[in-house]
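> Quick one: sequence plus predicted model below, questions after.
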2 protein chains.
Amino acid sequence: MRVMGVDPGLTRCGLGVVDSGRGREVLPVAVGVVRTPTDLDLAQRLLRISESAEEWMDRYRPDVVAVERVFAQHNVRTAMGTAQAGGVVALAAARRSIPVMFHTPSEVKAAVTGNGSAGKKQVTAMITRILELETAPKPADAADALALAVAHCWRAPMLARLAAAEAMAAAQKRRYEERLRAQAAARKAGGQ
Amino acid sequence: MRVMGVDPGLTRCGLGVVDSGRGREVLPVAVGVVRTPTDLDLAQRLLRISESAEEWMDRYRPDVVAVERVFAQHNVRTAMGTAQAGGVVALAAARRSIPVMFHTPSEVKAAVTGNGSAGKKQVTAMITRILELETAPKPADAADALALAVAHCWRAPMLARLAAAEAMAAAQKRRYEERLRAQAAARKAGGQ
């Protein structure tokens, strides 16, 4: 499975691609960062991010795109820009029928370092070791994008089992409700 | 000038097109709302909104797209979705080289009703009267999209004058600084 991780942002948008093998085996494919100038129009910045994301998707053909889920940040303006950058990347994937999965920063940190509140340095150090990179990816956004991709590889089997379990529970509930309805109908027919 | 107003949202995205004439003359062209189901994937919802916005842009060929600027809302999750919906619409415009302008809700309310904190009903009532519509546009998102377009038409000349004044001030500052540098250089040359 090939996963493209995206750490969205208007000023710096991290992109990283990894291939997953057996078990927890992960191999680095590509890493980079898209920058857009702060004095450029918002729409133009989104266009540049979209074009770069599309270029990467067309070049590396990921099976899935993993995007960081944005929550409230200290700075609302930054959070909005981050959400918009992530939105246009998700859109680029949807246009190509590539599934998009969102992971929270703490899910990524927990998957990669074992600690959901790990710092940026720790994430960079761990991802460098996990992917056996010769030098640490820079800036932090590039390392985060790789961390997202690796976290997705490792979380995907668990998420798939969870989804299967939920589907099974929903089916059981449906069958149970149908049986109740059938019993009620039988009682009603018997009473008449 | 033809303006497409957009009241962004994931569940309901309002779209409205108006033509501006002389002075404050505005004519309605089209109004509608794009809905996406809440149980659909975020990426798929953004794709539907993007496709509808592109369809409208290709059909009505606006000279400018006016989008509501999203600020912090009561619900952070909603605010993020709204920002993302607005982002993909801005992207669709940028792809077509259509300029995108953002206006805050209070700027729109002030332009259309004279009161920056007017309620939804008041905005709908005023936009119905301004555009001489036979029936009030529904839902509120559709009315808001028209209000955005009208507000842009009326704010555009003021914004253009403001931009011209700012450009002139910047040019004056540049010339003044050049003169100071030339004088300093002349003094230095004279002193040697």
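Received it, and whenever you're ready, just let me know what you need.
> Show me which residues of chain A sit near chain B.
Counting by CB under 8 Å from any CB of the partner chain, the residues of chain A close to chain B are A:41-44, A:46-47, A:50, A:70-72, A:76, A:79-80, A:83-88, A:90-91, A:93-95, A:99-100, A:102. C-beta: built from backbone N, CA, C; applies to glycine.
> where in chain A is pLDDT low?
Low-confidence segments of chain A (pLDDT under 70): A:72-74, A:192.
> The nearest residue to residue A:100 once chain neighbours are set aside: helix or strand, and which one exactly?
Sequence neighbours aside, residue B:43 is the residue nearest to residue A:100 in space, at 4.0 Å (criterion: CB to CB, 6 or more residues apart in numbering or on different chains). Using DSSP states H and E, the secondary-structure element containing residue B:43 is helix B:42-60.
> Following the chain past that helix, name the next helix or strand.
With secondary structure assigned by DSSP H and E, helix B:42-60 is succeeded by strand B:64-68.
> Can you show me the helices along chain A?
Using DSSP state H, the helices of chain A run over residues A:42-60, A:76-95, A:105-113, A:120-130, A:140-191.
> any idea which of those helices is most buried?
Among the helices of chain A, ranked by average contacts under mean count of other CB atoms under 10 Å in any protein chain shown, first place goes to helix A:76-95 (a mean of 24).
> now that helix, how far from the chain's geometric center?
Using CA atoms, centre = their mean, to the nearest Å, the distance from the centre of helix A:76-95 to the centre of the chain it belongs to is 12 Å.
> can you check stretch A:168-185 too?
Centroid separation between stretch A:168-185 and its chain, computed with CA atoms, centre = their mean, is 35 Å.
> Centre-most residue in chain A?
Central residue check for chain A by CA atoms, centre = their mean: the C-alpha nearest the mean position is that of residue A:66, 2.5 Å away.
> partner residues bridging that one?
residue A:5, residue A:101 (DSSP bridges).
> Backbone dihedrals for residue A:104, please?
The phi and psi torsions at residue A:104 (degrees, to the nearest 10) take the values phi -80, psi 160.
> how about the nearest residue to it, chain neighbours excluded?
The shortest distance from residue A:104 to any residue that is not its chain neighbour, by CB to CB, 6+ apart, is 4.9 Å, and that residue is residue A:69.
> And for residue A:27?
Leaving aside its chain neighbours, residue A:27 sits nearest to residue A:19 (4.6 Å; criterion: CB to CB, 6+ apart).
> So that neighbour sits against residue A:1, correct?
Yes - A contact is recorded between residue A:19 and residue A:1 when judged using CB atoms under 8 Å, the distance being 7.2 Å.
> Which one of those two is surrounded by more residues?
More neighbours sit around residue A:19 than around the other of residue A:19 and residue A:1, counting by other CB atoms under 10 Å in any protein chain shown; the figures are 17 against 13.
> any idea how far that one is from residue A:59?
Distance of residue A:19 to residue A:59, computed by CB to CB, to the nearest Å: 14 Å.
> Kindly report the same for residue A:169.
For residue A:169, the distance to residue A:59 under the criterion CB to CB works out to 40 Å.
> got a list of contacts for stretch A:149-165?
Under the contact criterion CB atoms under 8 Å, 6 or more residues apart in numbering or on different chains, stretch A:149-165 has outside partners A:1, A:3-5, A:16-18, A:20, A:24, A:26, A:64, A:66, A:101, A:103, A:107-108, A:111-112, A:127, A:130-131.
> rerun at 7 Å
The contact list for stretch A:149-165 (CB atoms under 7 Å, 6 or more residues apart in numbering or on different chains) reads A:1, A:3-5, A:16-18, A:20, A:24, A:26, A:64, A:66, A:101, A:103, A:107-108, A:111-112, A:127, A:130.
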